[in-house]
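**Student:** Any chance you can model this:
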Amino acid sequence: MDYEALLKTLLHELKDGVIVCGPDAKISLFNRAAEDLFGRTQALRKGGSLYSLCFQSPVEHALSLLQYQHELKSLSGPLPYVQFINASISREQYFRCRVSFLHPMSAAENSFIIIFEDISAWYAPDNPLFIKIEEFRAPMTNLRAAVENLTEYPEMSPVMRSAFENVLVQESLSLTEAFESLARSCNVLMHTQNHLTELNTEVLFGYVRRHLDNKKISVAASAGQSAPVKVDIYGLLLVLDCLAGRIRQTHKQKELSCEAHIGEQFIYFDFIWPGESLATGALKAILEEKLKHSVGGMTVASILHSMDGDIWSLQQENSKSTLRLALPIAMQAGN
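**Tutor:** Predicted coordinates for the structure are as follows:
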């Protein structure tokens, strides 16, 4: 059987742009939809670089995650694809991309196939609908942080604490439920989460640990349990790097560690350091910061919120501070 001829026939029928690349990201095959998508430019040609068409970092992070999953001997079955957002070099087009290895169970050096879906018509990092949602973020985050402080570090008399905590918890849960309902409706309408990849925490925590190890940040991850989480892995790593950088810059801290653990409804990445917590103004500035290497000039807040995530500060009793990043556990079918 002529494998290449069969592959060409299959690719020809696909409506999305499909490009096959070697391990060095050199293009070996593409379909007509890819030609239409990229305007039949000289950059799209056999032997040309994929990175003359789209940005390199999001693709490399997706491939790195696929390779990491391949290295985990405890995982069985075919390796999944990874979804992410990318853009054309001109930044005039945005794509939802899906990448996978051609031969998932082979050696590290592997050819890969990447599918491009043009989402320019609806993808807008600064969509006014998302801005409207942000009005809910601050009060909800404050309530959630207050609940955690009261629960974990009680300093009131039992009677006062019980009455105050009961009201606070009920209001927080009501507001959270109303907000999440609105956010889910908006996500359905705007397809904001279609670029996320579902990972179990064993993979996610391990991959984040390897990434932060390279930044000289030790990571302790909870073991013996696992939960599914939907993430934009490239965006998440950019946000984690930004948080660590700002903590080190603000507090001149070299003694910075991270704890990754699973709660009842969320998974958490806690940056921990000795000394004072980040001020409210500093936290707001971090959320509003545009990340240089993000696709479309996204802010920390917009990347977090595309995953229904958030951050807040906690002051611990042992004179240590925590900056917590929370991501919701993915809903399972039937729940």
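
**Student:** thinking residue 229 is in contact with residue 203, fair?
**Tutor:** No: Residue 229 sits out of contact with residue 203 when judged by Cβ atoms under 8 Å, with a separation of 9.4 Å. The C-beta positions use only the backbone N, C-alpha and C, and glycine is treated the same way.

**Student:** of those two, who's got more company?
**Tutor:** Higher neighbour count among residue 229 and residue 203: residue 229, with 24 against 20, using other Cβ atoms under 10 Å.

**Student:** I'd assumed residue 219 was in contact with residue 213.
**Tutor:** Yes: applying Cβ under 8 Å, one finds residue 213 in contact with residue 219, separated by 7.0 Å.

**Student:** Which one's more surrounded, the two?
**Tutor:** Comparing residue 213 with residue 219 by neighbour count (other Cβ under 10 Å), the higher total belongs to residue 219, at 18 against 11.

**Student:** Kindly indicate whether the more buried one is helix, strand or coil.
**Tutor:** Three-state call for residue 219 (DSSP: H, G, I helix; E, B strand; the rest coil): strand.

**Student:** Run through the residues that contact it.
**Tutor:** Neighbouring residues of residue 219 by Cβ atoms under 8 Å, 6 or more residues apart in numbering: 205, 208, 209, 212, 213, 257, 258, 259, 260.

**Student:** following the helix or strand containing residue 173, which helix or strand comes up?
**Tutor:** Assigned by DSSP states H and E, residue 173 falls within helix 158-190. Counting by DSSP H and E, the element after helix 158-190 in chain order, helix or strand, is strand 197-200.

**Student:** Centroid-nearest residue for this protein?
**Tutor:** residue 232 (2.7 Å; Cα atoms, centre = their mean).

**Student:** Run a quick neighbour tally on residue 290.
**Tutor:** So residue 290, with other Cβ under 10 Å, has 12 neighbours.

**Student:** Correct me if wrong: it contacts residue 298.
**Tutor:** Yes: look at residue 290 against residue 298 with Cβ under 8 Å: they come within range, at 7.0 Å.

**Student:** can you redo the contacts of residue 219 as a markdown table with distance to residue 22, pLDDT and secondary structure?
**Tutor:** Listed next are these as a markdown table, based on distance: Cβ to Cβ, whole Å; pLDDT from 0 to 100; DSSP: H, G, I helix; E, B strand; the rest coil:
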| residue | distance to residue 22 | pLDDT | secondary structure |
| --- | --- | --- | --- |
| 205 | 31 | 96 | helix |
| 208 | 29 | 96 | helix |
| 209 | 30 | 95 | helix |
| 212 | 30 | 96 | helix |
| 213 | 29 | 94 | helix |
| 257 | 39 | 94 | strand |
| 258 | 36 | 96 | strand |
| 259 | 40 | 96 | strand |
| 260 | 35 | 96 | strand |
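
**Student:** Put together a markdown table for those, with distance to residue 311 on each row.
**Tutor:** Formatted as a markdown table, the contacts of residue 219 follow (distance: Cβ to Cβ, whole Å):
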| residue | distance to residue 311 |
| --- | --- |
| 205 | 18 |
| 208 | 15 |
| 209 | 19 |
| 212 | 16 |
| 213 | 22 |
| 257 | 17 |
| 258 | 13 |
| 259 | 14 |
| 260 | 14 |
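
**Student:** Write the ChimeraX selection for whichever of the residues you listed are buried.
**Tutor:** Those of the contacts of residue 219 that count as buried under 16 or more other Cβ atoms under 10 Å are selected in ChimeraX with:
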select :205,208,209,212,258,259,260
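
**Student:** in the helix or strand hosting residue 84, what counts as buried?
**Tutor:** Using DSSP H and E, residue 84 sits within strand 82-87. Buried residues in strand 82-87, counting neighbours by 16+ other Cβ under 10 Å, are found at 82, 83, 84, 85, 86, 87.

**Student:** Appreciated, that's everything.
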